[in-house]
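In: Below are the sequence and a predicted model; questions follow.
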Amino acid sequence: MQEYEGTILTGRSFDPIQGRVVVDDGRITAVEETATAATDIILPAFVNAHTHIGDSVAKEAGVGMGLQAAVAPPDSEKHRRLAATSHADLVSAMRRTLRFMNQTGTAAHLDFRESGAAGATALREAAAETATDAFIFGSGPPSVLDIADGYGASGANDASIDDERAAARKANKPFAIHAGEPDATDIHPALEYDPDLLVHMVHAEAEHLERVAEHEVPIAVCPRANAVLDVGRPPIRALLEHTTVALGTDNVMLNPPSMFREMAFTAKSYDVTDRAVLGMATHAGAAIADLDCGVIEPGRRAALLVLDGDSDNLAGTVDPVAAVVRRATATDVKQVVR
């Protein structure tokens, strides 16, 4: 049994209490409010709701490029570099990114893995030796679902994906698709596939949001990547008013997969509360992938992030939620509990 004391951000609303979290055999068995001299801040570990960590082999290769030139299949800079990378080098690069993600408090990530079965297999191999769980949305032929946790489609305007959607449904695995990133033209077509997750929705309009709400389709947003690629700003507040919204960091070649950076950028650039941003970085992503984490409450899996509340950076904060979202960095991480 382990006990973690300090300021605990409890429940889905992250209400701060002084006390301890009791963990036994990987589960939270109790959250006790009690006086403590501990200055740590204890919160759920992050769930990164959208990544492409394959392009860990091409960091900064897309600087100055737009969406099509940098990352769009099949002929972008990213895909050319992936095609030229050996299996061993790809696994090594992804493993290093997964280690970085764990060091910055991420317990799990939802990855769109390029290169079909070979790509999914490479990520399985990389994740096997790290502490960050990989939920893999595979690509290519429907047979990738024998390896992957779900299917991740590039977009509804690229090519017909009827067979892939049918295969995901038959396998009872989630189907995710990019939509509304460069413009709105692929949003209605994407919704016709009855997806389990939409990614980006930068150009979502009222007519799209009505359909999203009607069918309860969750959305992953990636504000920093959208800014880097200059495709626009997702209407995060409107999205939150219609459905579950989770936070992702998108392509590793564009930005480091740090949820601290993604949260701070989102909180300071968008009209959304700090608690909403923290929820997007934790329990929203967990719910999309049906992971039993993202909330500190008894019975949950103990995926916790312990920050040093007395670090030079965090000492003196008057609002622990705002401090986590707007100020905390990897240097404040004291422990990631898995």
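Out: Great, that's in hand.
In: could you show me where the helices are in the stretch 101-250 of the chain, in order?
Out: For the stretch 101-250 of the chain, the helices defined by DSSP state H, counting those that start in this stretch occupy 116-127, 162-170, 187-191, 206-215, 223-228, 236-240.
In: In TSV, list the ones you listed along with mean neighbour count, mean pLDDT and distance to His79.
Out: In short, each C-beta sits where N, CA and C put it, glycine included. As requested, the helices of the stretch 101-250 of the chain are exported to TSV (neighbours: other Cβ atoms under 10 Å; pLDDT from 0 to 100; distance: least, Cβ to Cβ, whole Å):
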stretch	mean neighbour count	mean pLDDT	distance to His79
helix 116-127	20	98	11
helix 162-170	16	98	19
helix 187-191	20	98	21
helix 206-215	14	98	28
helix 223-228	20	98	16
helix 236-240	19	98	29
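In: so can I have a markdown table of those showing distance to Asp292?
Out: Shown next, in a markdown table, are the helices of the stretch 101-250 of the chain (distance: least, Cβ to Cβ, whole Å):
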| stretch | distance to Asp292 |
| --- | --- |
| helix 116-127 | 18 |
| helix 162-170 | 22 |
| helix 187-191 | 28 |
| helix 206-215 | 24 |
| helix 223-228 | 27 |
| helix 236-240 | 23 |
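In: what's the closest of those helices to Thr10?
Out: helix 236-240 (21.1 Å; Cβ to Cβ).
In: contacting residues around that closest one?
Out: For helix 236-240, contacts defined as Cβ atoms under 8 Å, 6 or more residues apart in numbering pick out 201, 204, 209, 212, 219, 221, 223, 245, 266, 270-272, 276.
In: Look up the closest residue to the spatially most central residue of the chain, ignoring the ones flanking it.
Out: Closest residue to the average C-alpha location of the chain: Asn48 at 1.8 Å, with Cα atoms, centre = their mean. With sequence-adjacent residues excluded and distances taken as Cβ to Cβ, 6 or more residues apart in numbering, Asn48 is closest to His109, at 3.9 Å.
In: got the contact list for that neighbour?
Out: Applying Cβ under 8 Å, 6+ apart to His109 gives the contacts 47-49, 51, 53, 101, 132-135, 257.
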